[in-house]
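> sequence plus the predicted model coming up.
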Amino acid sequence: MARYPAFAGVILAAGDSSRMGSDKALLTWGGETFLSLAIRRLSTVCDFVVVVTGNNAETLRPMVYQNAGYLVINKQPEEGQFSSLRVGLREVLERGRDSAVVTLVDRPAAAVETLELLRETFLHSRPEQTWAVVPEFKGKHGHPYVASREMIEAFLRAPRSATARDVEHANQSKILYVPVSDANVTANLNTPAEYESWKLEQEPR
């Protein structure tokens with residue numbers, strides 16, 4: 001049975017970035033902010049992109065709209081990243097889409113080739129066997145990942161006290177891990193030192 005889903009992108013950007021000292025959505029790479037680059041790249045494989053914000057909504061709103069994204073607000077960002085994920089996924093379903101490509105704003109945008117690989121792998125997987133496609137770089141799992149309607153509903157049915165990892169572990173047999181050569185899928189940047197180190201690694205040798 002072939003898949004014919006309509007994809008929506010979801011960028012989780014509601015965190016307070018306390019360890020970075022400034023909003024990680026506004027970090028720059030190649031002359032673009034992490035947020036604008038993430039929206040632009042997700043747009044190559046998705047019908048539209050939803051950005052989940054929190055207390056930083058007014059700061060990010062102009063950038064989201066300039067890049068043709070949709071802004072939604074997590075009114076309780078203090079509840080953590082899983083609460084933002086659920087806000088974003090509800091928006092995906094309300095806008096009539098049944099699959100989501102989910103990523104984090106504090107991770108440099110994955111290459112378009114990586115996004116295309118994840119999307120095509122998902123499209124050619126068996127719906128009853130694969131609810132999510134997750135990139136893997138050097139044995140570590142990362143973002144963005146593709147979630148089917150079944151995985152979306154599993155996230156939304158989970159208790160508010162759960163985490164995304166709890167849901168993923170409960171449905172481990174339905175997750176397909178795809179090796180990629182894109183180090184950015186696991187490059188989680190939380191501090192200025194990590195950001196500066198990462199930028200040095202991007203410089204041509």
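Nice, thanks for sending it over. Numbers count the residues shown, from 1 in each chain.
> report the contact partners of the spatially closest residue to Leu85 that is not a sequence neighbour.
Among residues not flanking Leu85 along the chain, Ala164 sits closest, at 5.8 Å (Cβ to Cβ, 6 or more residues apart in numbering). All C-beta spots, glycine's among them, are computed from the backbone N, C-alpha and C. Residues in contact with Ala164 (Cβ atoms under 8 Å, 6 or more residues apart in numbering) are Gln81, Phe82, Leu85, Phe155.
> and the last one, how far from Val49?
Separation of Phe155 from Val49 (Cβ to Cβ, to the nearest Å) stands at 18 Å.
> about what we covered before: just put the contacts of Ala164 in a markdown table and tack on neighbour count and secondary structure.
What follows is the contacts of Ala164, written out as a markdown table (neighbours: other Cβ atoms under 10 Å; DSSP: H, G, I helix; E, B strand; the rest coil):
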| residue | neighbour count | secondary structure |
| --- | --- | --- |
| Gln81 | 16 | helix |
| Phe82 | 20 | helix |
| Leu85 | 26 | helix |
| Phe155 | 23 | helix |
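> taking those, tell me the two that lie furthest apart.
Within the contacts of Ala164, Gln81 and Phe155 form the most distant pair, 11.6 Å apart (Cβ to Cβ).
> which intervals of this structure have sub-threshold pLDDT?
By pLDDT under 70, the weakly predicted segments of the chain are 1-4, 17-19, 21-22, 203-205.
> rerun that using 80 as the cut-off
Applying pLDDT under 80 to the chain picks out residues 1-5, 16-22, 198-199, 201-205.
> the residue minimising distance to the centre of the chain in helix, strand or coil?
When Cα atoms, centre = their mean is applied to the chain, the residue found nearest the centroid is Thr103 (1.0 Å). Secondary structure, DSSP: H, G, I helix; E, B strand; the rest coil: Thr103 is strand.
> tell me the contacts of it?
By Cβ under 8 Å, 6+ apart, the residues touching Thr103 are Gly9, Val10, Ile11, Leu12, Ala38, Leu42, Ala109, Ala110, His143, Pro144, Tyr145.
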